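[1] Sequence plus predicted model, see below.
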Amino acid sequence: MDYFLRFGAYVMHPLLMPLFGTLLYFGITPRYVEPELIQAKVAAVAIITLFIPLITFFLLKNIGVIASIHLAEVRERKVPLMIQSVLLLLIIKMVFDPYDSPEMYYFFIGILFSAITALFLVFFKFKVSLHQMGIAGLTMFLIALSVHFKVNMLLWIGFFFFSNGWVASSRLHTQSHTYPELIIGFFVGLIPQLILVSFWL
């Protein structure tokens, strides 16, 4: 059980959520998109939201800005969240168009708002759960996609509801977060996606 709970924090890592959302979108969208364009956009999302942050984390660790990739201390989150916000802006400006892919465009705006909110809370010495924030936002986006495209995604939605509990249990088991940090993380991830649904649903 210990291994299973710890595994949840890695497989549902917040850095993976934008990529998961992108893959799910292109997997169910009824719009025709050229395979080469899909590959280019997925690669761009993977590079900008996953590989660049990972490289940045190791650089920050080497220069002593953060102690570990887990960002256990509140103060360690400031610079990574600032960098992540800039990278999300890059995605919004250069990868997805509000006219061609409004769902993805507003999905990433929602992620940006969540990241900025988490950064804002850092200044008040509050460590919101980034894991819970990421999985909650993705779950809300998936529900909206299912309604928007009229596609039955109950299995996926059920899996991500389970994953919300899995991630929360994992973070509590490892004593990485408290109940308030998880609850606020859930709403910080969910609310921006819920609000922005009205722009594309």
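    Nice, thanks for sending it over. Numbering: from 1, shown residues only.
[2] Helix or strand, whichever it is, which one in the chain has the lowest mean pLDDT?
    When each helix and strand of the chain is scored by mean pLDDT, DSSP states H and E, helix 2-11 comes last, with a mean of 81.
[3] Which residues outside that helix are in contact with it?
    Outside helix 2-11, the residues within contact range by CB atoms under 8 Å, 6 or more residues apart in numbering are 131, 163, 166, 167, 169, 170, 171, 173, 174, 176. The C-beta positions use only the backbone N, C-alpha and C, and glycine is treated the same way.
[4] cutoff 10 Å now
    16, 70, 131, 135, 162-163, 165-174, 176 (CB atoms under 10 Å, 6 or more residues apart in numbering).
[5] What pLDDT does the model give the residue lying farthest from the centre of the chain?
    Distance from the centre of the chain peaks at residue 63, with 26.0 Å (CA atoms, centre = their mean). pLDDT, residue 63: 87.
[6] just the one 10 residues further on next, same as before
    Here, the pLDDT recorded for residue 73 equals 78.
[7] so who does it touch?
    Contacts for residue 73 were tallied using CB under 10 Å, 6+ apart; they are 66, 67, 127.
[8] any chance you could map the helices in the protein?
    2-11, 17-28, 35-46, 52-62, 78-94, 102-122, 130-149, 154-173, 179-196 (DSSP state H).
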